[in-house]
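Q: need a 3D model of the following:
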Amino acid sequence: MVLLKIKFPFQKRVRLAQGLWLLSWVAMFSGAITFAMGVFLKTELHRRSEVIKLFLIRKHALFTFNTTTEVRPLIKAPNPQLLPGRRSIDTDTPGHCFQKETIDRLQIEFQCCGNTNYRDWFEVQWISNHYLDFTSKEVKDRVRSNVDGRYLLDGVPFSCCNPASPRPCIQYSLLDNSAHYNYEYQSEELNLYNRGCRQALVNYYMGLMNTIGPCVLFDFLLQMTILVSLRYLQTAMEGVIGQENVEIETEGYILEKGVKETLLETKEKMKKFLQFAQVGDASAATPDTQPEAEKPATA
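A: Numbers count the residues shown, from 1 in each chain. Model (predicted):
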């Protein structure tokens, strides 16, 4: 039984061919756009790899630059290592001086602060020892009061400040109401970014993925439409072969037989092909041997 048979008059075949021509161009441009968006996503992931390592990678987790797996750790990591989970922001070690600039630029660009909120900065020494006066009593007291010997304070980097706030930025003594005039941190909306950088990064990359996903789905459906249309055009044109009048009505179909019969036929063809290949390999592995000619008798 022929599967999905459709009758095609001459004009219908012409329109089908014209539609395939148009769909081919659409598929080309759509594929180019999807490819460009994929390259952009790949570039963004590579460009921000250090930021992702700082904010989003779980401890001892490996980060590979594969587009299908790069965004997954950002979304599925149940308890990622926070940036403030580090003991300090290391800017003194050679090769690590970029960390401060990277984090500041990230917080300014994505309008975020810390990993989940600004309080994450209270748990990390974000001021390098190189810029601390250890002869100062205040510095000594803060270092001694910490079990790990870190200089912690209720303050945040300048990049956490929200320029849209009418009040000058308060980045130190955030939990001390008496340190600032007309200030109550419990009830007042601080002039800092409220969103954490982890959520900001996840939203950013998910936005890219949500844009690329429909494009990929559209490309898939478009290619399937072209494939089915080509099959109809091919089978419809086969009915014209050998005919004097090429404008006759022909029939197009997807499969000449039913699905089950087609699968069984394909299975038998594959078996014969594999058997032929095995026989060919066996004959090639067996060397040709010819009996030696009998020597003539000597008197």
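Q: chain center to stretch 163-181: distance?
A: Distance of stretch 163-181 from the chain centroid (CA atoms, centre = their mean, to the nearest Å) equals 39 Å.
Q: what residues of it count as buried?
A: Neighbour-count burial for stretch 163-181, with 16 or more other CB atoms under 10 Å as criterion, is recorded at 170-171, 174, 180. In short, each C-beta sits where N, CA and C put it, glycine included.
Q: average pLDDT for it?
A: If you average the pLDDT over stretch 163-181, you get 86.
Q: re earlier: format the buried residues of stretch 163-181 as TSV; extra columns: distance to C215.
A: Converted to TSV, the buried residues of stretch 163-181 look like this (distance: CB to CB, whole Å):
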residue	distance to C215
I170	45
Q171	42
L174	44
H180	50
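Q: closest to M224 out of those residues?
A: Top of the list for closeness to M224, among these and by CB to CB, is Q171 at 56.1 Å.
Q: state whether that closest one is indeed within a strand.
A: No. Under DSSP: H, G, I helix; E, B strand; the rest coil, Q171 falls outside any strand and is assigned coil.
Q: so how far is A179 from it?
A: With distances taken as CB to CB, to the nearest Å, Q171 is found 12 Å from A179.
Q: what do you get for L217?
A: 55 Å.
Q: who are the packing partners of the helix or strand harbouring Q199?
A: In this assignment (DSSP states H and E), Q199 forms part of helix 197-238. Applying 3 or more CB pairs under 8 Å, 6 or more residues apart in numbering; DSSP states H and E, one finds that helix 197-238 makes contact with strand 6-8, helix 10-47, helix 49-55, helix 72-76, helix 98-110, strand 250-252.
Q: give me the distance from the first one to the chain's centre.
A: Pointing back at strand 6-8 there. Relative to the mean C-alpha coordinate of its chain, strand 6-8 is positioned 43 Å out (CA atoms, centre = their mean).
Q: ditto for the second one
A: In terms of CA atoms, centre = their mean, the centre of helix 10-47 is set 20 Å apart from its chain centre.
Q: and the angle for it with helix 197-238?
A: Per axes from the mean of the first three to the mean of the last three CA atoms, to 10 degrees, the angle that helix 10-47 makes with helix 197-238 is 160 degrees.
Q: what is helix 10-47 packed up against?
A: For helix 10-47, where contacts count as 3+ CB pairs under 8 Å, 6+ apart, the packed elements are helix 67-70, helix 197-238.
Q: looking at those helices, spot the one closest to Q125.
A: Q125 lies closest to helix 197-238 among those, at 18.2 Å (CB to CB).
Q: about what we covered before: hey, which of the helices and strands packed on helix 10-47 is tucked in deepest?
A: Using mean count of other CB atoms under 10 Å, the stretch among the helices and strands packed on helix 10-47 with the greatest mean number of neighbours is helix 197-238 (a mean of 15).
Q: got the angle for that helix vs helix 98-110?
A: 70 degrees.
Q: what residue ranges in this structure score low on pLDDT?
A: Per-residue confidence for the chain (pLDDT under 70) gives these ranges: 1, 54-97, 188-189, 278-299.
Q: tabulate the helices and strands packed on helix 10-47 (TSV), appending distance to I6.
A: Putting the helices and strands packed on helix 10-47 into TSV (distance: least, CB to CB, whole Å) gives the following:
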stretch	distance to I6
helix 67-70	38
helix 197-238	7
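Q: to T250, which of those helices lies closest?
A: helix 197-238 (4.8 Å).
Q: could you work out the most separated pair of the buried residues of stretch 163-181?
A: Spanning the widest gap among those are Q171 and H180, at 10.9 Å by CB to CB.
Q: centre of the chain to the helix holding Q199, how far?
A: For helix 197-238, the gap between its own C-alpha mean and the chain's C-alpha mean amounts to 15 Å (CA atoms, centre = their mean).
Q: surely E44 meets I212?
A: No. Contact criterion CB atoms under 8 Å: E44 and I212 do not qualify, at 11.5 Å.
Q: nearest to A164, of the buried residues of stretch 163-181?
A: Closest approach between the buried residues of stretch 163-181 and A164, by CB to CB: I170, at 14.5 Å.
Q: contacting residues around the closest one?
A: Remark: with contacts taken as CB atoms under 8 Å, 6 or more residues apart in numbering, I170 is in contact with 180, 183, 190-191.
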